[in-house]
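J.: One predicted model, sequence on top.
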Amino acid sequence: MEEAFEEGAFLGLPRSDGPVDIAVVPLAYELTTSYGMGACDGPQACLDASAQVELYDEHLGTDLPAGRSIVTEPVWEGTAATLRGQLDELAGHALKFFKGDLFPLFLGGEHGILPPIMHAARHHPAVKGDLSHLTVVQLDAHADLRTSLDGEVFSHACAASRSLDIGVGRLFQAGVRAYSQEEHERINADDRITTYFAKDTQHPHTGGEAWNRWLDELKSLSGPVHFTLDIDGLDGALVPATGTPVPGGLSYWQAVETIETLFANPQVTVISADVNEIVPQDGTPLTQFTAACLATKIVASHLRARENARWEPTASSGHLEFDRSYFSKLEATANSAF
């Protein structure tokens, strides 16, 4: 039986009655982009493109939503007058999706969405208020480990660095090929960071060995994980309209293999994911369609994890205070604090 279609919803899937299994959360956040603009329009472009993505997933062996409820939330836009105020608003919005009862997929927007999402993620039952329990797996062209860019410590170029600074326990990166000396030094000095550079995984002769080591890293992880996919981690030929396209990146199938391997790990609970730096492409929907295909693969891989009892809804064991002005409090101190 063919599914009903809802314009503007992820995969065109209409909201259904009853409990939500997956929430697709569009975040039109773009305050610190440093090159190409338009990421604020990316979430809606991705949703629109997803209407043309096939619902069948070969690993599930059925069409999405596979008997589950996938709900598309309204596009979030910040209203605060300051960048840090909008980060607080974004964190407060994300918080409602970390109760453990559903799986959130956030669509960005610039990569600056990551730190506020991580602030909210500390309240997931699997994290138990302590972000050191959480691992971030990142596909990205950029390390995003700068101290600041253009004087802003919450620039999209600092997203991974700030996430570690607010308490994330481990960071695993692949696809990285554009980074500063400062970032290279931090990668070498900080034992919380494991980076697989594209020059190694994409090498024409020895890349296969390096890529298999990356997959082995994913298979060795345990505990709660957040997966963040900056689509410029893919080769620029696949996503030319992203804010900072870089040649020499991952293939589409490497991104798919990363997603499938991570979600298939029986020791891991992927509590959330985001796909970011989506920019609508003029003349062809290639960029946003590629993002929509990978977002669909994330959803399908989560559903397969549910099917195989690798993910189950969990309830919070107690009340944790949430600081709704966490980033605003750093207004005067952030440049010295980080």
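T.: All right, it came through fine. Numbering: from 1, shown residues only.

J.: make it CA atoms for all contacts and neighbour counts henceforth
T.: Noted.

J.: Run the chain-centre distance for the longest helix along the chain.
T.: Longest helix of the chain, by residue count under DSSP state H: helix 286-307. Using Cα atoms, centre = their mean, to the nearest Å, the mean C-alpha position of helix 286-307 is found 12 Å from that of the whole chain.

J.: Now do it: which elements does it pack against?
T.: helix 42-50, strand 103-108, helix 252-264, strand 268-276 (3 or more Cα pairs under 8 Å, 6 or more residues apart in numbering; DSSP states H and E).

J.: Tell me the strands beside the second one, with direction?
T.: It refers to strand 103-108. Strand 103-108 pairs in its sheet with strand 22-27 (parallel), strand 268-276 (parallel), by DSSP bridges.

J.: Give me the mean pLDDT for the helix or strand following that strand.
T.: From strand 103-108 onward toward the C-terminus, using DSSP states H and E, the following helix or strand is helix 114-121. Helix 114-121 carries an average pLDDT of 96.

J.: do stretch 168-187 as well
T.: On average, stretch 168-187 scores 97.

J.: in that stretch, what counts as buried?
T.: Residues 168-178, 183, 186-187 are the ones in stretch 168-187 that count as buried (16 or more other Cα atoms under 10 Å).

J.: okay, how far is it across that stretch, tip to tip?
T.: One end of stretch 168-187 sits 15 Å from the other (Cα to Cα, to the nearest Å).

J.: Of the buried residues of stretch 168-187, which belong to strands?
T.: 170-176 (DSSP state E).

J.: how about CSV for those residues, with distance to F227 added?
T.: Below are these laid out as CSV (distance: Cα to Cα, whole Å):
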residue, distance to F227
R170, 12
L171, 10
F172, 10
Q173, 10
A174, 12
G175, 14
V176, 15
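
J.: Nearest to A141 among the strands paired with strand 103-108 would be which one?
T.: strand 268-276 (12.2 Å; Cα to Cα).

J.: Now do the closest one against helix 252-264: the angle between them, please.
T.: 140 degrees (axes from the mean of the first three to the mean of the last three Cα atoms, to 10 degrees).

J.: List the contacts of strand 268-276.
T.: For strand 268-276, contacts defined as Cα atoms under 8 Å, 6 or more residues apart in numbering pick out 100, 103-111, 124, 126, 221-231, 262-263, 291, 295, 298, 302, 310-311.

J.: just to confirm, which helix or strand has the residue nearest to L114 when sequence neighbours are not counted in it?
T.: Once flanking residues are discounted, L114 sits nearest to A159: 5.9 Å by Cα to Cα, 6 or more residues apart in numbering. A159 belongs to helix 159-165 when assigned by DSSP H and E.

J.: For that helix, buried residues please.
T.: Here helix 159-165 shows 159-164 as buried, counting by 16+ other Cα under 10 Å.

J.: from the middle of its chain, how far away would that helix be?
T.: That offset, for helix 159-165, works out to 14 Å (Cα atoms, centre = their mean).

J.: Now do the contacts for A28.
T.: Counting by Cα under 8 Å, 6+ apart, A28 touches 39-43, 75-78, 108-109.

J.: The residues you listed: which two are farthest apart?
T.: Going by Cα to Cα, the pair spanning the contacts of A28 furthest: G42 and G78, at 15.2 Å.

J.: Same drill for the two, tell me which one is more crowded.
T.: Neighbour count, other Cα atoms under 10 Å: between G42 and G78, G42 has more, with 29 against 18.

J.: I'd guessed the more buried one sits against F289; true?
T.: No: at 10.7 Å, G42 does not count as touching F289 under the criterion of Cα atoms under 8 Å.

J.: Kindly state the pLDDT recorded for L87?
T.: Reported pLDDT for L87: 94.

J.: measure the residue lying closest to it once chain neighbours are set aside to L164 for me?
T.: Nearest non-adjacent residue to L87, counting by Cα to Cα, 6+ apart: P116, 5.8 Å away. Distance, P116 to L164, using Cα to Cα: 12 Å.

J.: In a strand, A241, correct?
T.: No: per DSSP: H, G, I helix; E, B strand; the rest coil, A241 lies outside any strand segment and is coil.

J.: Residue ranges in the protein under the pLDDT threshold?
T.: 1-3, 32-38, 317-319, 331-338 (pLDDT under 70).

J.: bridging residues for L107?
T.: Here L107, judged by DSSP bridges, has bridge partners P26, V275.

J.: so what's it up against?
T.: 24-27, 42-43, 274-276.

J.: try it again with 7 Å
T.: 25-27, 43, 274-276 (Cα atoms under 7 Å, 6 or more residues apart in numbering).

J.: And Y326, by the same measure?
T.: Y326 neighbours (Cα under 7 Å, 6+ apart): D88.

J.: so it, which of the three states?
T.: coil.

J.: What about it? Give its phi and psi, please.
T.: phi -60, psi -50 (degrees, to the nearest 10).

J.: in the longest helix of the chain, what counts as buried?
T.: For helix 286-307, by 16+ other Cα under 10 Å, it's 286-305.
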